[in-house]
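Colleague: Fold the following.
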Amino acid sequence: MRKAFLQLHTAVFLAGFTAILGKLITLNEALLVWYRLLFTIITMWALFAFQKKLQRIAAKDMMKITGVGVVATLHWLSFYASIKYSNVSVALVCFSLVGFFTAIFEPIITRSRINIIELLLGLIAVVAISLIFHFDPTYKTGIVIGIISAMLGSIFPILSRGQLKHHSTETVTIYMLTGGFLFLSLALPFYLKLFPSENLLPQGSDIIWLLILAWVCTVWAMQLSMSALSKISAFTVNLTYNLEPLYGITLAFLLFREDRMMTGAFYIGLGLIVCSVLLQTLLVYRSGRKSPAKVKAA
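Modeller: Got it, this is the predicted structure:
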(Lines give C-alpha, C1' and ligand atoms only; values in the text may rest on other atoms or scores of the structure.)
Protein backbone atom coordinates (compact mmCIF):
# COMPACT_ATOMS: atom_id res chain seq x y z
CA MET A 1 0.00 0.00 0.00
CA ARG A 2 2.86 2.38 0.80
CA LYS A 3 4.33 1.72 -2.65
CA ALA A 4 0.97 2.54 -4.26
CA PHE A 5 0.77 5.90 -2.48
CA LEU A 6 4.35 6.71 -3.51
CA GLN A 7 3.47 5.87 -7.13
CA LEU A 8 0.36 8.05 -6.96
CA HIS A 9 2.11 11.10 -5.54
CA THR A 10 4.93 10.69 -8.05
CA ALA A 11 2.34 10.72 -10.86
CA VAL A 12 0.72 13.87 -9.44
CA PHE A 13 4.11 15.55 -9.07
CA LEU A 14 4.93 14.71 -12.70
CA ALA A 15 1.56 16.14 -13.78
CA GLY A 16 2.50 19.41 -12.07
CA PHE A 17 5.94 19.27 -13.69
CA THR A 18 4.41 19.39 -17.19
CA ALA A 19 3.78 23.09 -16.67
CA ILE A 20 7.46 23.62 -15.84
CA LEU A 21 8.43 21.88 -19.07
CA GLY A 22 6.00 24.11 -20.95
CA LYS A 23 8.04 27.07 -19.74
CA LEU A 24 11.41 25.46 -20.56
CA ILE A 25 10.52 24.37 -24.10
CA THR A 26 11.07 27.28 -26.51
CA LEU A 27 8.69 26.03 -29.22
CA ASN A 28 5.30 27.71 -29.46
CA GLU A 29 2.34 25.96 -27.86
CA ALA A 30 1.06 24.24 -31.02
CA LEU A 31 4.41 22.69 -31.93
CA LEU A 32 5.02 21.76 -28.29
CA VAL A 33 1.74 19.82 -28.11
CA TRP A 34 2.32 18.25 -31.55
CA TYR A 35 5.72 16.87 -30.60
CA ARG A 36 4.42 15.75 -27.20
CA LEU A 37 1.64 13.80 -28.87
CA LEU A 38 3.97 12.41 -31.55
CA PHE A 39 6.49 11.00 -29.08
CA THR A 40 3.75 9.80 -26.72
CA ILE A 41 1.63 7.88 -29.21
CA ILE A 42 4.63 6.20 -30.86
CA THR A 43 5.75 4.99 -27.43
CA MET A 44 2.25 3.97 -26.30
CA TRP A 45 1.39 2.06 -29.48
CA ALA A 46 4.62 0.07 -29.18
CA LEU A 47 4.27 -0.47 -25.42
CA PHE A 48 0.61 -1.42 -25.31
CA ALA A 49 0.87 -3.64 -28.39
CA PHE A 50 3.79 -5.48 -26.77
CA GLN A 51 1.81 -5.83 -23.53
CA LYS A 52 -1.28 -6.90 -25.52
CA LYS A 53 -3.45 -4.37 -23.71
CA LEU A 54 -5.18 -2.88 -26.75
CA GLN A 55 -8.73 -3.87 -27.62
CA ARG A 56 -10.59 -3.76 -30.89
CA ILE A 57 -13.39 -1.23 -30.83
CA ALA A 58 -16.28 -0.38 -33.12
CA ALA A 59 -15.90 2.47 -35.60
CA LYS A 60 -18.66 4.39 -33.82
CA ASP A 61 -16.80 4.24 -30.50
CA MET A 62 -13.54 5.15 -32.23
CA MET A 63 -15.13 8.32 -33.61
CA LYS A 64 -16.42 9.26 -30.17
CA ILE A 65 -13.02 8.73 -28.57
CA THR A 66 -11.37 10.72 -31.37
CA GLY A 67 -13.72 13.60 -30.62
CA VAL A 68 -12.68 13.47 -26.97
CA GLY A 69 -9.07 13.58 -28.17
CA VAL A 70 -9.75 16.79 -30.06
CA VAL A 71 -11.09 18.43 -26.88
CA ALA A 72 -8.09 17.16 -24.88
CA THR A 73 -5.67 18.52 -27.49
CA LEU A 74 -7.36 21.93 -27.44
CA HIS A 75 -7.05 21.87 -23.63
CA TRP A 76 -3.30 21.21 -23.83
CA LEU A 77 -2.90 23.82 -26.56
CA SER A 78 -4.60 26.54 -24.51
CA PHE A 79 -2.86 25.43 -21.29
CA TYR A 80 0.61 25.89 -22.77
CA ALA A 81 -0.48 29.09 -24.51
CA SER A 82 -1.54 30.41 -21.10
CA ILE A 83 1.97 29.68 -19.81
CA LYS A 84 3.58 31.39 -22.81
CA TYR A 85 1.41 34.51 -22.42
CA SER A 86 1.75 34.71 -18.62
CA ASN A 87 3.73 32.27 -16.50
CA VAL A 88 3.47 28.84 -14.88
CA SER A 89 1.89 30.06 -11.64
CA VAL A 90 -0.89 32.05 -13.32
CA ALA A 91 -1.69 29.19 -15.72
CA LEU A 92 -1.95 26.70 -12.84
CA VAL A 93 -4.14 29.00 -10.77
CA CYS A 94 -6.49 29.19 -13.77
CA PHE A 95 -6.29 25.40 -14.06
CA SER A 96 -7.88 25.25 -10.60
CA LEU A 97 -11.13 26.34 -12.26
CA VAL A 98 -11.53 22.79 -13.61
CA GLY A 99 -13.57 21.89 -10.51
CA PHE A 100 -15.96 24.80 -11.07
CA PHE A 101 -16.51 23.97 -14.73
CA THR A 102 -16.90 20.27 -13.91
CA ALA A 103 -19.66 21.12 -11.43
CA ILE A 104 -21.47 22.94 -14.26
CA PHE A 105 -20.85 20.69 -17.28
CA GLU A 106 -21.05 17.25 -15.67
CA PRO A 107 -24.78 17.54 -14.77
CA ILE A 108 -25.50 18.88 -18.27
CA ILE A 109 -23.58 16.14 -20.10
CA THR A 110 -24.56 13.22 -17.85
CA ARG A 111 -28.05 14.57 -17.08
CA SER A 112 -27.47 14.28 -13.36
CA ARG A 113 -28.22 16.59 -10.47
CA ILE A 114 -26.07 19.64 -9.77
CA ASN A 115 -23.83 19.23 -6.73
CA ILE A 116 -24.29 22.54 -4.91
CA ILE A 117 -21.27 22.02 -2.65
CA GLU A 118 -18.92 21.39 -5.59
CA LEU A 119 -20.33 24.45 -7.34
CA LEU A 120 -19.76 26.64 -4.28
CA LEU A 121 -16.20 25.35 -3.87
CA GLY A 122 -15.58 26.07 -7.53
CA LEU A 123 -16.86 29.61 -7.04
CA ILE A 124 -14.03 30.19 -4.58
CA ALA A 125 -11.61 29.65 -7.45
CA VAL A 126 -13.66 32.06 -9.58
CA VAL A 127 -13.36 34.75 -6.89
CA ALA A 128 -9.61 34.07 -6.63
CA ILE A 129 -9.01 34.53 -10.34
CA SER A 130 -11.28 37.58 -10.45
CA LEU A 131 -9.09 39.21 -7.80
CA ILE A 132 -5.93 38.50 -9.78
CA PHE A 133 -7.52 39.61 -13.06
CA HIS A 134 -8.81 42.85 -11.55
CA PHE A 135 -5.76 43.95 -9.57
CA ASP A 136 -2.97 42.65 -11.80
CA PRO A 137 -3.50 43.51 -15.51
CA THR A 138 -0.06 42.16 -16.48
CA TYR A 139 -1.27 38.65 -17.27
CA LYS A 140 -4.81 39.28 -18.55
CA THR A 141 -4.26 37.52 -21.89
CA GLY A 142 -2.75 34.48 -20.18
CA ILE A 143 -5.60 34.40 -17.67
CA VAL A 144 -8.30 34.47 -20.36
CA ILE A 145 -6.59 31.64 -22.26
CA GLY A 146 -6.09 29.76 -18.99
CA ILE A 147 -9.80 29.98 -18.20
CA ILE A 148 -10.60 28.52 -21.64
CA SER A 149 -8.08 25.75 -20.93
CA ALA A 150 -9.74 24.93 -17.61
CA MET A 151 -13.16 24.76 -19.29
CA LEU A 152 -11.86 22.32 -21.92
CA GLY A 153 -9.97 20.39 -19.24
CA SER A 154 -13.21 19.80 -17.36
CA ILE A 155 -15.10 18.52 -20.40
CA PHE A 156 -12.89 15.78 -21.84
CA PRO A 157 -12.68 13.63 -18.66
CA ILE A 158 -16.48 13.67 -18.46
CA LEU A 159 -16.78 12.60 -22.09
CA SER A 160 -14.11 9.90 -21.78
CA ARG A 161 -15.68 8.38 -18.67
CA GLY A 162 -18.49 6.83 -20.70
CA GLN A 163 -15.98 5.03 -22.94
CA LEU A 164 -13.97 3.83 -19.94
CA LYS A 165 -17.02 1.83 -18.85
CA HIS A 166 -16.74 -0.32 -21.99
CA HIS A 167 -13.05 -0.23 -22.94
CA SER A 168 -9.72 -0.43 -21.12
CA THR A 169 -7.90 2.71 -20.02
CA GLU A 170 -5.04 1.91 -22.41
CA THR A 171 -7.37 1.56 -25.40
CA VAL A 172 -9.28 4.78 -24.69
CA THR A 173 -6.09 6.73 -24.00
CA ILE A 174 -4.21 5.65 -27.14
CA TYR A 175 -7.15 6.28 -29.49
CA MET A 176 -7.88 9.59 -27.78
CA LEU A 177 -4.29 10.82 -28.12
CA THR A 178 -4.00 9.51 -31.69
CA GLY A 179 -7.20 11.31 -32.64
CA GLY A 180 -5.89 14.50 -31.06
CA PHE A 181 -2.60 14.16 -32.92
CA LEU A 182 -4.30 13.71 -36.30
CA PHE A 183 -6.54 16.71 -35.65
CA LEU A 184 -3.60 18.91 -34.65
CA SER A 185 -1.56 17.72 -37.66
CA LEU A 186 -4.33 18.96 -39.96
CA ALA A 187 -4.80 22.23 -38.07
CA LEU A 188 -1.10 22.98 -37.54
CA PRO A 189 -0.39 24.71 -40.91
CA PHE A 190 -3.32 27.09 -40.37
CA TYR A 191 -2.31 27.73 -36.75
CA LEU A 192 1.29 28.50 -37.71
CA LYS A 193 0.09 30.87 -40.41
CA LEU A 194 -1.84 32.84 -37.78
CA PHE A 195 0.83 32.48 -35.09
CA PRO A 196 4.20 32.00 -36.84
CA SER A 197 7.07 30.30 -35.04
CA GLU A 198 10.76 31.02 -35.61
CA ASN A 199 11.64 27.34 -35.31
CA LEU A 200 9.66 24.34 -36.50
CA LEU A 201 12.15 21.81 -35.15
CA PRO A 202 13.21 21.47 -31.49
CA GLN A 203 16.34 23.46 -30.76
CA GLY A 204 19.10 22.67 -28.26
CA SER A 205 17.68 21.21 -25.06
CA ASP A 206 14.09 21.27 -26.39
CA ILE A 207 14.34 17.68 -27.62
CA ILE A 208 15.39 16.51 -24.14
CA TRP A 209 12.53 18.35 -22.45
CA LEU A 210 10.04 17.04 -25.02
CA LEU A 211 11.16 13.44 -24.45
CA ILE A 212 10.85 13.93 -20.69
CA LEU A 213 7.40 15.42 -21.23
CA ALA A 214 6.29 12.48 -23.38
CA TRP A 215 8.08 9.53 -21.77
CA VAL A 216 8.22 10.55 -18.11
CA CYS A 217 5.33 12.97 -17.54
CA THR A 218 2.84 11.28 -19.86
CA VAL A 219 3.58 7.58 -20.46
CA TRP A 220 5.29 6.76 -17.15
CA ALA A 221 2.94 8.97 -15.11
CA MET A 222 -0.06 7.17 -16.58
CA GLN A 223 1.50 3.79 -15.79
CA LEU A 224 2.10 4.92 -12.21
CA SER A 225 -1.51 6.09 -11.84
CA MET A 226 -2.92 2.82 -13.18
CA SER A 227 -0.60 0.80 -10.95
CA ALA A 228 -1.65 2.82 -7.91
CA LEU A 229 -5.31 2.45 -8.89
CA SER A 230 -4.97 -1.33 -8.68
CA LYS A 231 -4.15 -0.99 -4.97
CA ILE A 232 -6.08 2.07 -3.77
CA SER A 233 -9.50 3.51 -4.56
CA ALA A 234 -10.34 5.73 -7.52
CA PHE A 235 -11.68 8.18 -4.94
CA THR A 236 -8.20 8.56 -3.42
CA VAL A 237 -6.60 8.94 -6.86
CA ASN A 238 -8.96 11.74 -7.89
CA LEU A 239 -8.59 13.43 -4.51
CA THR A 240 -4.79 13.40 -4.65
CA TYR A 241 -4.78 15.05 -8.08
CA ASN A 242 -6.12 18.19 -6.38
CA LEU A 243 -2.50 18.76 -5.36
CA GLU A 244 -1.33 19.07 -8.98
CA PRO A 245 -1.57 22.90 -9.25
CA LEU A 246 0.05 23.32 -5.83
CA TYR A 247 2.99 21.10 -6.79
CA GLY A 248 3.43 23.00 -10.05
CA ILE A 249 3.26 26.46 -8.46
CA THR A 250 5.78 25.42 -5.78
CA LEU A 251 8.17 24.22 -8.49
CA ALA A 252 7.71 27.48 -10.44
CA PHE A 253 8.56 29.48 -7.33
CA LEU A 254 11.67 27.41 -6.69
CA LEU A 255 12.97 27.07 -10.26
CA PHE A 256 11.93 30.36 -11.89
CA ARG A 257 11.46 32.53 -8.77
CA GLU A 258 8.03 33.52 -10.03
CA ASP A 259 7.19 34.47 -6.46
CA ARG A 260 9.16 37.68 -7.09
CA MET A 261 6.92 38.58 -10.04
CA MET A 262 3.60 38.19 -8.23
CA THR A 263 1.53 40.93 -6.61
CA GLY A 264 -0.40 40.76 -3.37
CA ALA A 265 -3.60 40.01 -5.31
CA PHE A 266 -2.03 36.82 -6.65
CA TYR A 267 -1.20 35.57 -3.16
CA ILE A 268 -4.69 36.34 -1.90
CA GLY A 269 -6.09 34.42 -4.86
CA LEU A 270 -3.67 31.57 -4.32
CA GLY A 271 -4.68 31.42 -0.65
CA LEU A 272 -8.33 31.09 -1.67
CA ILE A 273 -7.39 28.28 -4.08
CA VAL A 274 -5.56 26.42 -1.32
CA CYS A 275 -8.57 26.84 0.99
CA SER A 276 -10.93 25.48 -1.67
CA VAL A 277 -8.68 22.45 -2.26
CA LEU A 278 -8.48 21.74 1.49
CA LEU A 279 -12.25 22.11 1.88
CA GLN A 280 -12.93 19.86 -1.09
CA THR A 281 -10.48 17.28 0.27
CA LEU A 282 -12.15 17.35 3.69
CA LEU A 283 -15.70 17.12 2.34
CA VAL A 284 -14.94 14.36 -0.15
CA TYR A 285 -13.02 12.40 2.47
CA ARG A 286 -15.89 12.62 4.95
CA SER A 287 -18.49 11.65 2.38
CA GLY A 288 -16.34 8.76 1.17
CA ARG A 289 -17.36 9.25 -2.45
CA LYS A 290 -15.74 6.74 -4.81
CA SER A 291 -16.25 8.01 -8.29
CA PRO A 292 -14.45 6.45 -11.27
CA ALA A 293 -10.93 7.66 -11.82
CA LYS A 294 -10.71 10.25 -14.58
CA VAL A 295 -8.24 10.56 -17.42
CA LYS A 296 -6.17 13.47 -16.15
CA ALA A 297 -5.74 16.65 -18.08
CA ALA A 298 -2.19 17.64 -17.66
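Colleague: low-scoring pLDDT stretches of the stretch 101-250 of the chain, where are they?
Modeller: For the stretch 101-250 of the chain, the stretches with pLDDT under 70 are 135-136, 229, 233-239.
Colleague: same thing but 90
Modeller: Within the stretch 101-250 of the chain, the segments meeting pLDDT under 90 span 101-103, 106, 109-139, 156-170, 197-199, 203-204, 222-247.
Colleague: where do the helices sit along it?
Modeller: Secondary structure of the stretch 101-250 of the chain by DSSP state H, counting those that start in this stretch: the helices cover 116-135, 140-164, 169-194, 206-211, 221-229, 234-240, 244-256.
Colleague: Now do the shortest one: everything it contacts.
Modeller: Residues external to helix 206-211 that are found in contact with it (Cβ atoms under 8 Å, 6 or more residues apart in numbering): 21, 24, 25, 26, 27, 32, 35, 36, 39, 202. From N, CA and C alone the C-beta is placed, and that goes for glycine too.
Colleague: and the last one, how many neighbours?
Modeller: Residue 202 has 18 neighbouring residues, counting by other Cβ atoms under 10 Å.
Colleague: Just give the closest residue to it, not the sequence neighbours.
Modeller: residue 210 (5.9 Å; Cβ to Cβ, 6 or more residues apart in numbering).
Colleague: ditto for the fourth one
Modeller: By the measure of Cβ to Cβ, 6+ apart, the closest residue to residue 26 outside its immediate chain neighbours is residue 206, 5.8 Å from it.
Colleague: coming back round to it: where neighbours are concerned, which of the contacts of helix 206-211 has the most?
Modeller: Top of those by neighbour count (other Cβ under 10 Å): residue 36, with 28 neighbours.
Colleague: Correct me if wrong: that residue contacts residue 215.
Modeller: No. The criterion here is Cβ atoms under 8 Å, and residue 36 misses it with residue 215 at 10.3 Å.
Colleague: want to throw the contacts of helix 206-211 into JSON lines with distance to residue 82?
Modeller: Converted to JSON lines, the contacts of helix 206-211 look like this (distance: Cβ to Cβ, whole Å):
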{"residue": "21", "distance to residue 82": "14"}
{"residue": "24", "distance to residue 82": "16"}
{"residue": "25", "distance to residue 82": "14"}
{"residue": "26", "distance to residue 82": "17"}
{"residue": "27", "distance to residue 82": "15"}
{"residue": "32", "distance to residue 82": "12"}
{"residue": "35", "distance to residue 82": "18"}
{"residue": "36", "distance to residue 82": "16"}
{"residue": "39", "distance to residue 82": "22"}
{"residue": "202", "distance to residue 82": "21"}
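Colleague: In strands, which of those appear?
Modeller: Within the contacts of helix 206-211, no residue falls in strands by DSSP state E.
Colleague: of all the residues you listed, which two lie farthest apart?
Modeller: Farthest-apart pair in the contacts of helix 206-211 is 26 and 39; separation 16.7 Å (Cβ to Cβ).
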